[in-house]
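1. How does the following fold in three dimensions:
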Amino acid sequence: MSYTISTLRFILLQKYNMNSFQSTYTKIVQNALNYGEKFGVTIDGDFAFSKLIEEVGEFAQAKLIFERKSRPEKFLDDNIAKDELAKELADVIWMAFVNAHVLWIDIEQALKIKWIKE
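-> Numbering: from 1, shown residues only. Below you'll find the model as predicted:
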């Protein structure tokens, strides 16, 4: 079995002690890499960016449905609509993590620098 550089880097990172954020990030990215291997999809920058845009669109649609700003035939029970909205937001975060991975960005560090002023 041959591995891409991205996959090898990921495997090596798994050997280090990880905090909860790193553990979640690792599992999410591994899921994406497994998806790529299973379906013969190259998880690269083009894929990750296009998929992120797709997921943002799906989140926007779920938000419109949740807020009842869509066609009435799309309305869902409030609890179901909120669950769908949460799932779509999770997809956006999933693809943001995959983009960080393929671009070699330490997303945890970037978030700390950008949003946590200590």
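2. can we go C-alpha only for contacts and neighbour counts from here?
-> OK.
3. so what's the spatially most central residue of the chain up against?
-> When CA atoms, centre = their mean is applied to the chain, the residue found nearest the centroid is Trp94 (1.0 Å). Contact analysis of Trp94 by CA atoms under 8 Å, 6 or more residues apart in numbering lists Ile28, Val29.
4. Neighbours of Asp106, how many?
-> Using other CA atoms under 10 Å, Asp106 has 12 other residues around it.
5. Next, the contact list for it, please.
-> Asp106 makes contact with Ala100, according to CA under 8 Å, 6+ apart.
6. Now it: phi and psi?
-> Main-chain torsions, Asp106, degrees, to the nearest 10: phi -80, psi 90.
7. so what pLDDT did it get?
-> With respect to pLDDT, Asp106 scores 93.
8. how much space between Trp115 and Tyr25?
-> Applying CA to CA, to the nearest Å, the value for Trp115 to Tyr25 is 18 Å.
9. Who has more neighbours out of those two?
-> Under the neighbour definition other CA under 10 Å, Trp115 and Tyr25 were set side by side, and Tyr25 has more, 21 against 9.
10. what stretches of this structure score poorly on pLDDT?
-> Within the chain, the set of residues satisfying pLDDT under 70 comprises 1-19, 118.
11. hmm, try it at 90
-> 1-24, 112, 116-118 (pLDDT under 90).
12. the helices in it, which residues?
-> 5-14, 20-39, 45-66, 78-102, 107-115 (DSSP state H).
13. got the buried residues for the shortest one?
-> This points to helix 107-115. Ile107 (16 or more other CA atoms under 10 Å).
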